[in-house]
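Participant: Sequence first, then the predicted structure, then my questions.
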Amino acid sequence: MARPHDGPAASITACEDGPLLVRGEFALQAQDGTEIDARRGTVALCRCGASAIRPFCDGTHARIRFRAPSGREGEPPAEPPVEPPVEQP
């Protein structure tokens, strides 16, 4: 699959009630541009704000019962496709 630019190739998965999983080739930086050593090709980034090792996830979200959808916040869940009625002979 062709990339639209020459930047890092990564995928980010929002886990329901959990972290953001970042997989692939990426650069992680602080707001001032300082590089944050991810130490691996897949990392879990905290979404709950309670991790002791932010920006990384330490699993605290489960203990505090953090809740967040996997999709975009505030959007209704996708409805299953409606099958068209079958014509009777």
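Facilitator: Ah, there it is.

Participant: Quick check, pLDDT for residue 41.
Facilitator: Per-residue confidence (pLDDT) for residue 41: 85.

Participant: Spatially nearest residue to the residue nearest the centre of the chain, not counting backbone neighbours?
Facilitator: When the chain is reduced to its mean C-alpha position, the nearest residue by Cα atoms, centre = their mean turns out to be residue 14, at 2.4 Å. Sequence neighbours aside, residue 70 is the residue nearest to residue 14 in space, at 5.2 Å (criterion: Cβ to Cβ, 6 or more residues apart in numbering). All C-beta atoms are positioned from the backbone trio N, CA, C, and that covers glycine.

Participant: Is that neighbour part of a helix or strand, or is it coil?
Facilitator: Assigned with DSSP: H, G, I helix; E, B strand; the rest coil, residue 70 falls in the coil class.

Participant: hang on, isn't it packed against residue 19?
Facilitator: No - using Cβ atoms under 8 Å, residue 70 makes no contact with residue 19, being 11.2 Å away.

Participant: So between the two, which is more surrounded?
Facilitator: Comparing residue 70 with residue 19 by neighbour count (other Cβ atoms under 10 Å), the higher total belongs to residue 19, at 23 against 11.

Participant: Would you mind measuring from that one to residue 82?
Facilitator: Here residue 19 is placed at a distance of 34 Å from residue 82 (Cβ to Cβ, to the nearest Å).

Participant: before we move on, what about residue 20?
Facilitator: In this structure, residue 20 lies at 32 Å from residue 82, with Cβ to Cβ as the measure.

Participant: The two - which one has more neighbours?
Facilitator: When residue 20 and residue 82 are compared on other Cβ under 10 Å, the one with more neighbours turns out to be residue 20, at 15 against 6.

Participant: If I look at that one, what pLDDT would I see?
Facilitator: 96.

Participant: The one 3 residues further on too?
Facilitator: At residue 23, the model reports a pLDDT of 94.
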